[in-house]
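Student: Sequence and predicted model, in that order:
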Amino acid sequence: MEQWIHPSLSTDALSTLLERAKACKTEFHTLQLYEDGACMLRWALAPYTCGARHEMYSLSKIFTATAAGIAYTRGQLHPDDPVAHWFPEYTAQAAREDARWSRMRVRDILSMTTGHKSCVLPRMAFAQNAVEAFFRSPLSYEPGTHFTYNTGASCIAAEMVALATGKTVPDLLAQEFFAPLGRDAAFWRTCADGHCIGGAGICASSDDIVQLGLLYLNGGVLQGRRLLAPNGSKQLCAPMPLLPIRSGPIGARATASIFGATHTAAIAATAPLASIV
């Protein structure tokens, strides 16, 4: 068992937290707490460790959003770019059938306000061309007006990052995020056609997640090096105006931001099927 608790924290409080989690049938594998950049709690239940990686499902969206933020900082991707600029081979036909496609912007992809009525990833995951499947999924609303929890949009965000930077999201993060931390690149699952899923599939550790949270708490600075522009890191975390929710988990409206429908903090917990940051 891995355990370090700052003297100012109560071990009884930790025991109570774990007991209550168990009563709710929530199994913690690891738990870390940071305050003002300092580790206050590092705990792992054997055989798990804070450094062990496993699939993080929708927490992957934060990593994809961070890659988009890196591209934004470099001047390679902007929230107001028309999506048609990045995918002319698909949007031309789609816009002829529905003009709303021509008005979709990068920010609509990143904030999951594409105009779809439901998540389109099921249509994309096993398609011969996942990107084409996205643009063949009909719109129900004007882009930017309705929030739908849409992992398919995160897949398209990952593809935009690849087109803008010349590197896939996994490769970009390996170079800009993991390497400076002295860590190996994270494994990331793909759609059937090889496209990065973006909104799911990364295998990361509790330690990786803590560093991601600290990146935002430090205003976009990683290990003394600016990775995200100050205004970019703020946009990544800033809540969006409240929009009607057509599909999504409870609380999605409160956590939707310009660069992804999620948020970060320097608290990391990993459970068998989910991660909470």
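Tutor: That came through fine.

Student: Just the helices from the chain, written as ranges.
Tutor: 11-23, 60-73, 83-86, 88-97, 106-110, 121-124, 130-135, 151-165, 169-173, 206-217, 230-237, 252-255 (DSSP state H).

Student: Redo these as CSV? Include mean pLDDT.
Tutor: Formatted as CSV, the helices of the chain follow (pLDDT from 0 to 100):
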stretch, mean pLDDT
helix 11-23, 92
helix 60-73, 95
helix 83-86, 98
helix 88-97, 96
helix 106-110, 95
helix 121-124, 96
helix 130-135, 97
helix 151-165, 97
helix 169-173, 98
helix 206-217, 94
helix 230-237, 76
helix 252-255, 40
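
Student: Ok, which of those helices comes nearest Pro47?
Tutor: With CB to CB as the criterion, Pro47 lies closest to helix 206-217 of those, at 14.1 Å. Using the backbone N, CA and C atoms, a C-beta is placed for each residue, glycine as well.

Student: among the helices of the chain, which is the most enclosed?
Tutor: Sort those by mean neighbour count, taking mean count of other CB atoms under 10 Å, and helix 60-73 sits at the top with a mean of 27.

Student: thinking again about what came up before, can you check which of the helices of the chain gets nearest to Thr30?
Tutor: Of these, nearest to Thr30 by CB to CB is helix 206-217, at 4.1 Å.

Student: and of the helices of the chain, who's closest to Ala52?
Tutor: helix 206-217 (8.0 Å).

Student: What is that closest one packed up against?
Tutor: Counting contacts by 3 or more CB pairs under 8 Å, 6 or more residues apart in numbering; DSSP states H and E, helix 206-217 packs against strand 30-35, helix 60-73, strand 221-222, helix 230-237, strand 267-270.

Student: could you give the angle of it to helix 60-73?
Tutor: 40 degrees (axes from the mean of the first three to the mean of the last three CA atoms, to 10 degrees).

Student: With distance to His195 added, can I get the helices of the chain in JSON lines?
Tutor: Supplementary listing: the helices of the chain in JSON lines, determined by distance: least, CB to CB, whole Å:
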{"stretch": "helix 11-23", "distance to His195": "36"}
{"stretch": "helix 60-73", "distance to His195": "12"}
{"stretch": "helix 83-86", "distance to His195": "14"}
{"stretch": "helix 88-97", "distance to His195": "13"}
{"stretch": "helix 106-110", "distance to His195": "14"}
{"stretch": "helix 121-124", "distance to His195": "8"}
{"stretch": "helix 130-135", "distance to His195": "5"}
{"stretch": "helix 151-165", "distance to His195": "6"}
{"stretch": "helix 169-173", "distance to His195": "10"}
{"stretch": "helix 206-217", "distance to His195": "22"}
{"stretch": "helix 230-237", "distance to His195": "23"}
{"stretch": "helix 252-255", "distance to His195": "24"}
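
Student: Can you check which of those gets nearest to Thr145?
Tutor: Closest approach to Thr145 among the helices of the chain (CB to CB): helix 106-110, 9.2 Å.

Student: and that closest one, how far from the chain's centre?
Tutor: The chain centre lies 13 Å from the centre of helix 106-110; the measure is CA atoms, centre = their mean, to the nearest Å.

Student: Using CSV, write down the CA coordinates of that helix.
Tutor: Extracted in CSV, the C-alpha atoms of helix 106-110 (Å, rounded to 0.1, in the frame of the first residue of the first chain):
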residue,chain,number,x,y,z
VAL,A,106,-13.7,25.2,-34.1
ARG,A,107,-15.1,26.4,-30.8
ASP,A,108,-18.3,24.6,-31.6
ILE,A,109,-16.4,21.3,-32.0
LEU,A,110,-14.3,21.9,-28.8
